[in-house]
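Enquirer: need the 3D shape of this:
(chains A and B)
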There are 2 protein chains.
Amino acid sequence: MERILATYYIETPYAPEKAAAVLAGEQSSGTFVAVPGETAELKQRFAARVESVEVLETVNEPAIPGATSKDGKYHRAIVKVSWSIENFGYNLPVMVSTLQGNLYEITQFTGLKLMDIELPASFGEQFKGPAFGIEGCRQLTGVQGRPMIGTIIKPSIGLSPEQTAAMVKTLAEAGIDFVKDDELLSSSGNSSFNDRVDAVMNVINAHADKTGKKVMYAFNLSGEVDEMLQRYEKIVNSGGTCAMISINSVGLAAAKKIMDQRQLAIHAHRNGWGMLTRHPLLGIDYKAYQKIWRLAGADQMHVNGIQNKFWESDDSVVASIEACLTKMFDHKTVVPVVSSGQWGGQAFETYRRTKTVDLLYMAGGGIMAHPMGAAAGVVALQQAWKAAVDGLTLEDAAKQYKEFAAAVEKFGKR
Amino acid sequence: MERILATYYIETPYAPEKAAAVLAGEQSSGTFVAVPGETAELKQRFAARVESVEVLETVNEPAIPGATSKDGKYHRAIVKVSWSIENFGYNLPVMVSTLQGNLYEITQFTGLKLMDIELPASFGEQFKGPAFGIEGCRQLTGVQGRPMIGTIIKPSIGLSPEQTAAMVKTLAEAGIDFVKDDELLSSSGNSSFNDRVDAVMNVINAHADKTGKKVMYAFNLSGEVDEMLQRYEKIVNSGGTCAMISINSVGLAAAKKIMDQRQLAIHAHRNGWGMLTRHPLLGIDYKAYQKIWRLAGADQMHVNGIQNKFWESDDSVVASIEACLTKMFDHKTVVPVVSSGQWGGQAFETYRRTKTVDLLYMAGGGIMAHPMGAAAGVVALQQAWKAAVDGLTLEDAAKQYKEFAAAVEKFGKR
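Expert: Next up is the predicted model:
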């Protein structure tokens, strides 16, 4: 029978092997009392199994509250544990409860983070993965050979549908590929979801009729299940190509229900993610996280950006991009969404480290606040990426391209 | 216009007032560029507002990775921020994205935990709260004047439906009020959900026909949306009274969809909760968490237990019980589910500190491993609670009640 393998980064005042055994016991057939009919064969079939324990460094302070060490030492280790898929079948929420359930409560750990999941082959058949992925999103936006360039409507909240549509018109005429709602806006006092779809899609459809290019707009349909399904239909019927879901806030089962419709590309916004990963020894690493959401059917997933305005390191961002671009089964590959403080200057380092243009590259001020206007802002981003791929330095690119030079002048000095 | 007020416990290398302003800006109308038509009135209407900053201690080490302090000092504070409900209306996922979204990414914080939420009066009308709550669960189980006594089927996974039903029969005859699936089991290789409902409800219905007492069984229906709805119907049609949802794994929107059916009491299992709360300066406190889930319609919520086997302190458990029992609007009150390492000995301290019997009190080994049998185990728990309410000490209770004395003999020496 196939097994699913989870890798944890742990810290414990006990011997790591002993703590790993507690984890495996808590998360499967741990018994406190013998039960009639509980055979060795049944235990063998459903028990979690510690596959390996790699002991790392020892520290003198616990990372998070838990059992106190008698000798003042806390041991870190990489632990691999496996479960038969017979335990939960192809049920993602119960898989999550098994891999990330009460084990975070275990006092024997003073740190525990789920680092990776290895999924058995049958998961590739049972789950369809992204309906569009990189290929599909490129087809929908008509962009080949470079990153899709996107932006977020700002201010996050407060604009009327007409004001939003006016910005989309400016951006569409500027040559943008992708625009999205902010995660704070779904339906507000002055911008109902349906009115915004009407106003924005009027602009996008008219622009597509004229130019043949349809801008992808990610409408934030996050809400209750029936409401999300209705909003999804509204987008489809209005000629839209994308819906955005705040995946952590909406949650796995409802988000998958929307993703299962497979008529729109799904922009998976990870707001709330910092809560799940920011501590190095608590929560879940992006490598594991993105696998769960790819199984569910996310087409585009946020990865933050190089030199971002948030807390995350460049190394972590690069690892996230690589995780997204790693093939999973024969599924389509999810689009990494690069955002946060991006203006084009980071294209060089992003390309140097990832060697890919299979990205949705989001810039806010880099477009709207470009000194020569929004159209020049979009062009400058395209130039930056062409130069990065061509092996130019930022300085060379600024000499060669005047729109990018203006961007460097304004944003490069921050 | 009504506002929603959130209380955060923060740590920052900057002046707390400045960090609070960054939070409010990020989570509402923070602009990086002036937009035509963005009036002062609009900003006033949608901007988050810092309501208060209470500065606490200063420390020399950051709690989690973030901006480095120039003077080596990190300041802690309680910060209150409010938003107009016009920003998101009555949309719980978008409310969560607003209160718990990208703010965990902000580098200006080296710690951030959502401690409490104050909800405006209209939320009490828009959301119905628990369909059953304490009153309804007491009616369904026929238990008055003492805690409902419950247990979990163990081993967590591996028993066949027939084995599970045989255990339920023993427990029902022992006088149990409530039994639940483990969160690891929903539908496994040897216990499909429907077969288990059939086998267990046969036993429960037969026992109810004979005695008039219907044991409440929480079937773990966690899964995909349509699957959960089908399973819900199966429970209803089989005469069941309760469904269990792993709320963190299933997620808010899908769990609410199930809770909205309002025909079964919903046992909200919080597995994964440690990940969200275990660090003192990251995530969300139970006081805020249980409010979100009561709005969604949870009837029973886990609170851990006094002297539990997990990491959580008794003070934290007591605060959680008090949070659950605090009236919210004119809604029914959620049942605190006390569990983890309970056997009756903790009834005294639990009652001393909470002065309530409005609990679902879960014991595992305390029942099944009682030296005089399961029936004596259930009786011993009832005795412990009666003694606690009557003001007896554990020692006095052991003198008065022989079943409880046997429990003390076996479990009190651990």
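
Enquirer: neighbours around the nearest residue to residue A:263 once chain neighbours are set aside, how many?
Expert: Spatial nearest neighbour of residue A:263, chain neighbours left out: residue A:236 (5.3 Å); criterion: Cβ to Cβ, 6 or more residues apart in numbering or on different chains. Heads up, the C-betas are built off the backbone N, CA and C, glycines and all. Using other Cβ atoms under 10 Å in any protein chain shown, residue A:236 has 14 neighbouring residues.

Enquirer: what parts of the stretch 301-414 of chain A come near chain B?
Expert: By the rule Cβ under 8 Å from any Cβ of the partner chain, the part of the stretch 301-414 of chain A lying against chain B is A:304, A:309, A:310, A:311, A:312, A:340, A:364, A:365, A:368, A:369.

Enquirer: so the closest residue to residue A:16 other than its chain neighbours: helix, strand or coil?
Expert: Nearest non-adjacent residue to residue A:16, counting by Cβ to Cβ, 6+ apart: residue A:77, 3.8 Å away. Here residue A:77 is recorded as strand under DSSP: H, G, I helix; E, B strand; the rest coil.

Enquirer: by contact count, what packs against the helix or strand encompassing residue A:268?
Expert: Residue A:268 belongs to strand A:265-269 when assigned by DSSP states H and E. Of the remaining helices and strands, those touching strand A:265-269 by 3 or more Cβ pairs under 8 Å, 6 or more residues apart in numbering or on different chains; DSSP states H and E are helix A:133-141, strand A:216-220, strand A:242-246, helix A:252-259, strand A:300-304.

Enquirer: in the stretch 1-150 of chain A, where is pLDDT below threshold?
Expert: Applying pLDDT under 70 to the stretch 1-150 of chain A flags residues A:29-38.

Enquirer: same thing with the stretch 301-414 of chain A?
Expert: Within the stretch 301-414 of chain A, the stretches with pLDDT under 70 are A:414.

Enquirer: confirm the residue nearest to residue A:263 sits in a strand?
Expert: No: counting by three-state DSSP, residue A:236 is not part of a strand but helix.

Enquirer: helix or strand for the closest residue to residue A:93 other than its chain neighbours, which one?
Expert: Sequence neighbours aside, residue B:249 is the residue nearest to residue A:93 in space, at 4.0 Å (criterion: Cβ to Cβ, 6+ apart). Following DSSP H and E, one finds residue B:249 within helix B:247-250.

Enquirer: alpha carbons of that helix, as PDB, please.
Expert: What follows is helix B:247-250, C-alpha atoms only, in PDB (Å, rounded to 0.1, in the frame of the first residue of the first chain):
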ATOM      1  CA  ILE B 247     -12.200  23.300  11.700                       C
ATOM      2  CA  ASN B 248      -8.600  24.300  10.900                       C
ATOM      3  CA  SER B 249      -8.100  21.600   8.300                       C
ATOM      4  CA  VAL B 250     -11.500  22.000   6.600                       C
END
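
Enquirer: give me the contacts around that helix.
Expert: For helix B:247-250, the surrounding residues in contact (Cβ atoms under 8 Å, 6 or more residues apart in numbering or on different chains) are A:93-94, A:96-97, A:100-101, A:251-253, B:222-223, B:228, B:255, B:258, B:268-273, B:276, B:293, B:298.

Enquirer: now do the contacts for the residue in chain A that chain B sits nearest to.
Expert: Chain A approaches chain B most closely through residue A:251 (1.1 Å), counting by Cβ to the nearest Cβ. Residues in contact with residue A:251 (Cβ under 8 Å, 6+ apart) are B:93, B:250, B:251, B:252, B:253, B:254, B:255.

Enquirer: these: which two are farthest apart?
Expert: Of all pairs drawn from the contacts of residue A:251, the widest gap by Cβ to Cβ lies between B:93 and B:250 and measures 13.1 Å.

Enquirer: the residue nearest to residue A:93: neighbour count?
Expert: Residue B:249 has 28 nearby residues by other Cβ under 10 Å.

Enquirer: please report the distance of it from residue A:92.
Expert: Note on residue B:249: its distance to residue A:92, by Cβ to Cβ, to the nearest Å, is 8 Å.

Enquirer: identify the contacts common to these two.
Expert: With Cβ under 8 Å, 6+ apart as the test, residue B:249 and residue A:92 both reach residue A:252.

Enquirer: all strands of the stretch 251-400 of chain A, in order?
Expert: Using DSSP state E, counting those that start in this stretch, the strands of the stretch 251-400 of chain A run over A:265-269, A:282-284, A:300-304, A:335-338, A:360-362.

Enquirer: okay, now residue A:375: neighbour count?
Expert: For residue A:375, using other Cβ under 10 Å, the count is 17.

Enquirer: so it makes contact with residue A:173?
Expert: Yes: if you go by Cβ atoms under 8 Å, residue A:375 and residue A:173 touch, sitting 6.7 Å apart.

Enquirer: list the beta-bridge partners for the residue nearest the centre of chain A.
Expert: Nearest to the geometric centre of chain A sits residue A:301, at 3.4 Å (Cα atoms, centre = their mean). Bridge pairing for residue A:301 (DSSP bridges) gives the partners residue A:268, residue A:336.

Enquirer: also residue A:246?
Expert: Under DSSP bridges, the beta-bridge partners of residue A:246 are residue A:269.

Enquirer: which ones are touching the nearest residue to residue A:185 once chain neighbours are set aside?
Expert: Once flanking residues are discounted, residue A:185 sits nearest to residue A:157: 4.8 Å by Cβ to Cβ, 6+ apart. By Cβ under 8 Å, 6+ apart, the contact list for residue A:157 reads A:182, A:184, A:185, A:188, A:191, B:28, B:29, B:46, B:87.
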